[in-house]
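Q: Next comes the sequence, and after it the predicted model I'd like to discuss.
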Amino acid sequence: MVIVTLQRDKCIGCNYCEEFAPEYFRMSKKDGKSVLLQSVEQKGFYTLKTAMPDAFEICNKAAKACPVKIISVKEI
């Protein structure tokens, strides 16, 4: 199981997450910030739990590329 968390309100709209992990991230046309697809929001944190085998590697690349470090990826 992989848990991906996005702190969306601190997003600066650089688009790296979508470039590295387009299966999991999109940029909002409304405000230009990142959207973690199929995530659940709680207190400003958007969380996705997935069993996809490639999710950790792909989302971890996006997290490392993020200049404001608002993406976290854990494997449990």
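A: The structure has been received and is ready for your questions. Nothing here was measured: the structure is a model prediction, and the numbers come from that model.
Q: other SSEs contacting the helix of greatest length in the chain?
A: Assignment by DSSP state H gives helix 55-65 as the longest helix of the chain. Secondary-structure packing of helix 55-65 (3 or more CB pairs under 8 Å, 6 or more residues apart in numbering; DSSP states H and E): strand 2-7, helix 16-20, strand 71-75. Any C-beta I mention is one placed from the backbone N, CA and C, and that applies to glycine too.
Q: Can I get the ones you listed in TSV including mean neighbour count, distance to E57 and mean pLDDT?
A: Output for the helices and strands packed on helix 55-65, formatted as TSV (neighbours: other CB atoms under 10 Å; distance: least, CB to CB, whole Å; pLDDT from 0 to 100):
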stretch	mean neighbour count	distance to E57	mean pLDDT
strand 2-7	22	9	98
helix 16-20	19	10	97
strand 71-75	17	9	97
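Q: buried residues in stretch 21-36?
A: Residues of stretch 21-36 classed as buried by neighbour count (16 or more other CB atoms under 10 Å): 21, 24-25, 27, 34-36.
Q: And for L37, the neighbour number?
A: For L37, the neighbour count with other CB atoms under 10 Å is 13.
Q: hang on, isn't it packed against F25?
A: Yes. Using CB atoms under 8 Å, L37 makes contact with F25 at a distance of 6.7 Å.
Q: so what pLDDT did A51 get?
A: A51 is assigned 95 on the pLDDT scale.
Q: Tell me which other helices or strands the one helix or strand V35 maps to touches.
A: When elements are assigned from DSSP states H and E, V35 belongs to strand 34-36. When contacts are defined as 3+ CB pairs under 8 Å, 6+ apart, strand 34-36 sits against strand 2-7, strand 25-27, strand 45-50.
Q: List the residues that contact F56.
A: 2, 73, 75 (CB atoms under 8 Å, 6 or more residues apart in numbering).
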